[in-house]
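Q: Okay, here's the prediction I keep looking at, along with the sequence it came from:
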Amino acid sequence: MPTAISPAGRSGSSPSVPALAPPDSAPPDSAPSDSAPPSFAERVWCVLKAWVRNPTEVATLCPSSPFLREHLADRDCVRQASRVIELGPGDGGTTQALLASMRDDARLLAIEKTDAFAESLGAINDPRLTVEIADACDLIEIVTRHDFGKADVAISGIPFSHLPPMVAKQITQSVHEVLRPGGVFIAYQLASDVKDYARPLFGPPKTEIIPVNLPPLQSFVWTKIENDQSDAAEG
C-alpha cells in the first residue's frame, strides 16, 4: 500500500492525505516495493504543478537527474545505514533512489515542507519510508515523535541560500543533533551558503560537483566528529 503521510499542523490549506500510520505498522513480512517509478515527464509535471502552487518553496523547475540520484544513493554510508533522514525530498525521485540503495531493515524519514508534493511522496510504496509534510525546523520534534533514534545519514536538498539566516542555522543545528557521532550530513545545493552554517558544527566539508543536472549542483559532505562534545554532554 502507498506510504502513509503525516501532515504536521500548519497554517493555511493542506492537502487531503492518508491518516498517519506508525512507522512500524507494516506487516513483518513486508518487502520494499519494486514498483516502477514515474516517468521523467510525469516528474516534470509534478514539479511544475508544485512550483505554481508554492513558487517560494520549490527551488527548481526540473526534477533530480539520474546522475544526482546516483550521486546521493551510491554511497557506502547509505547502503550500510540503519536510519536515514531526507530533508526536502521534493517529488520523491531522490527518495526512491535512496530506498533502492538502503538495507531491507533500514528506515527512511523524509520531511517535505511543500504540501504540493504530498501525493507523489505518498505514492511511494515502501514500508521502510515515513513521510512528514512539515517544516525542517521541527526536525528534532519529528524524530522524537517517531522514535527514530539517531540517524546514520542526513541528506538535504533544502536551498539554504533561500532561507533566512536564523532558519538555516536552526536546521543545521538540528541536523547535527539528530546525527549519531560518525554520521554523515550531505547537502546538495546550487549555492554554497550551507557551508557557513554547518562549518562551526561539523568543520570544513568535502565538496563535490554534480555537473550533469539541471541546474548543475554542488554537494557538501560532512562527518560528525566521533567524540562530539554535545553528545558527550548529553550522555
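A: That came in fine, so what should we check first?
Q: Please make it C-alpha for all contacts and neighbour counts, starting now.
A: OK.
Q: neighbours of E141, just the number please.
A: Using other C-alpha atoms under 10 Å, E141 has 12 neighbouring residues.
Q: downstream neighbour of the helix or strand where it lies in the secondary structure list?
A: Using DSSP states H and E, E141 sits within helix 139-145. Once the chain leaves helix 139-145, the next helix or strand it forms, by DSSP H and E, is strand 151-156.
Q: Following element in sequence after that following strand, please.
A: helix 165-178.
Q: What is the distance between that next one and the centre of its chain?
A: 14 Å (C-alpha atoms, centre = their mean, to the nearest Å).
Q: For the helix or strand just after it, which strands pair with it and how are they oriented?
A: Using DSSP H and E, the helix or strand that follows helix 165-178 in sequence is strand 179-189. Using DSSP bridges, strand 179-189 pairs in its sheet with strand 151-156 (parallel), strand 217-223 (antiparallel).
Q: Determine the next helix or strand in the C-terminal direction from strand 179-189.
A: Past strand 179-189, the next helix or strand by DSSP H and E is helix 193-202.
Q: The residue most central in space within the chain pairs with what?
A: Most central in the chain under C-alpha atoms, centre = their mean is E86, positioned 1.5 Å from the mean C-alpha point. On the basis of DSSP bridges, E86 is bridged to A110, I155.
Q: Grab the nearest non-local neighbour of T95.
A: Among residues not flanking T95 along the chain, P89 sits closest, at 6.2 Å (C-alpha to C-alpha, 6 or more residues apart in numbering).
Q: neighbours around that neighbour, how many?
A: Residues near P89, counting by other C-alpha under 10 Å: 24.
Q: Could you count how many residues lie near D152?
A: 23.
Q: Not counting its neighbours along the chain, what's nearest it?
A: G183 (4.6 Å).
Q: Can you pull out the low-pLDDT segments for the chain?
A: 1-4, 6-63, 228-235 (pLDDT under 70).
Q: Now the terminal residues of stretch 124-136, how far apart.
A: 20 Å (C-alpha to C-alpha, to the nearest Å).
Q: So which bits of that stretch are buried?
A: Across stretch 124-136, burial judged by 16 or more other C-alpha atoms under 10 Å covers 124-136.
Q: and L108, what does it touch?
A: R83, V84, I85, E86, L99, R128, L129, T130 (C-alpha atoms under 8 Å, 6 or more residues apart in numbering).
Q: what angle separates the helix or strand that contains it from strand 151-156?
A: Per DSSP H and E: L108 is located in strand 107-112. Angle, strand 107-112 to strand 151-156, by axes from the mean of the first three to the mean of the last three C-alpha atoms, to 10 degrees: 30 degrees.
Q: could you point out which element follows strand 107-112?
A: helix 118-122.
Q: helices or strands up against that following helix?
A: strand 129-133 (3 or more C-alpha pairs under 8 Å, 6 or more residues apart in numbering; DSSP states H and E).
Q: List the neighbouring strands of the strand it packs on plus their orientation.
A: By DSSP bridges, strand 129-133 pairs with strand 5-7 (parallel), strand 107-112 (parallel).
Q: Deepest-packed of these, please.
A: The highest mean neighbour count among the strands paired with strand 129-133, using mean count of other C-alpha atoms under 10 Å, belongs to strand 107-112: a mean of 25.
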